[in-house]
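1. let's see this in three dimensions:
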Amino acid sequence: MAGKKRDKERERAFLDNGSKLLEKLITYCNGRPIPIRSYSCEELERATNNYNPSHLFHRDGKYEWYNAVSAKMSTHNNVLKLIECCLETQIPISVYESAANGSLSGTFNVTSDHDGAQHQREPLSWQSREIAHAISYLHTAFSRPIVHRDIKRGNVFLDQHDVAKLTKFSLSILIPECETHVEDDVCGTALFLCPNYTTTSYITEKVDVYSFGSFLLELLTRQKLHYLLRTDYFDVEDFEDDIKKFTINELVDPAILVGEGGSVLQQLQCVLQLAVICIEKDPEMRPTMVDVIKELRKIERFIL
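-> A predicted model of the protein is given here:
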């Protein structure tokens, strides 16, 4: 009897969680295999060794992320690909391609040599450029631009080769065809939210540009924004204006710059200037993500 009850609960959950949506996907694909397949509860339990804590690599509020399925199916190398799901549980389970090295939320870009010595990786050679590519892809690769709305370190995962992957698209929204913006409730992460969006509820691609600028500032300073704002440097209300007054030497921990040559310092100063432009209060003053990528490439070539 317990087994029958369990089966009925799973069937009900499957219907509630979107079996109809999967049926529509099959119809839209004209009988071709759909890109997202459905796992059973038993398959996921086997893959995670019954959700063994040793497989847990990230917690985000009420969500837990487990390493289990190894796959490489992303249409863009810097977007974490959703490949499977399980609709048999009360809370649906999503299965993504492997992100073996976890999230950036708990650490800044620190790596270890073979001898165990830690060192800082160059910010431009890693997360900033790769995530800029991912955001630009969302903005330009489809008939209607997709705005992520929650660009931050906690939504960037790393695969086994430390390739940065943008994920967590639950707040993403499409801009309607032939429209320049869409209106929606304000949601996202404080300090990464575009001021114009919070006052008007208007969403454009420039909302993501602002968040990316804040993301860049965290990478450059190796400080979380809310820690940076606790200093005497900045007024929360005028953060975008206050940041313009400082050089890279004044914002970055001096220990990070020890031994760096003048060209690297100039490069970092250029990145700071780019971040400042991205968080301009007026969205029209911000660059597009395509322009951001061009500028990052130009800055990289500066020291090559």
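
2. okay, residue 221 and residue 178: tell me how far apart.
-> 40 Å (CB to CB, to the nearest Å). Any C-beta I mention is one placed from the backbone N, CA and C, and that applies to glycine too.

3. correction: the previous question concerned residue 285.
-> The value you get for residue 285 to residue 178, if CB to CB is used, is 25 Å.

4. also residue 162?
-> Taken as CB to CB, the span from residue 162 to residue 178 is 40 Å.

5. those two - which one has more neighbours?
-> The residue with more neighbours, out of residue 162 and residue 178, is residue 162; 14 against 6, by other CB atoms under 10 Å.

6. that one contacts residue 100, correct?
-> No: counting by CB atoms under 8 Å, residue 100 is not a contact partner of residue 162; they are 9.6 Å apart.

7. the residue lying closest to residue 203 once chain neighbours are set aside: neighbour count?
-> Nearest residue to residue 203 in three dimensions, chain neighbours excluded: residue 182, at 5.0 Å (CB to CB, 6 or more residues apart in numbering). Close neighbours of residue 182, defined as other CB under 10 Å, add up to 16.

8. give me the below-cutoff pLDDT ranges for the stretch 151-300 of the chain.
-> For the stretch 151-300 of the chain, applying pLDDT under 70 flags the ranges 226-237, 253-256, 258-261.

9. show me where it has strands.
-> Using DSSP state E, counting those that start in this stretch, the strands of the stretch 151-300 of the chain run over 156-158, 164-166, 173-174, 182-183, 202-203.

10. of those, which stretch is the most buried?
-> strand 164-166 (a mean of 25; mean count of other CB atoms under 10 Å).

11. thinking again about what came up before, of all the strands of the stretch 151-300 of the chain, which one is nearest residue 210?
-> Of all the strands of the stretch 151-300 of the chain, strand 202-203 sits nearest to residue 210, with 11.3 Å by CB to CB.

12. against which helices or strands is that closest one packed?
-> Contacts defined by 3 or more CB pairs under 8 Å, 6 or more residues apart in numbering; DSSP states H and E place strand 202-203 against strand 182-183.

13. same for the strand it packs on, what does it pack against?
-> strand 202-203.

14. paired strands for the strand it packs on, with orientation please.
-> strand 182-183 (antiparallel) (DSSP bridges).

15. who's in contact with the strand it pairs with?
-> Under the contact criterion CB atoms under 8 Å, 6 or more residues apart in numbering, strand 182-183 has outside partners 147, 173, 174, 175, 176, 201, 202, 203.

16. now the two most distant members of these.
-> 174 and 201 (15.7 Å).

17. what stretches of the stretch 1-150 of the chain score poorly on pLDDT?
-> 1-40, 44, 55-75, 84-94, 106-126.

18. show me where the stretch 51-200 of the chain has its helices.
-> Remark: helices assigned in the stretch 51-200 of the chain by DSSP state H, counting those that start in this stretch are 127-140, 195-200.
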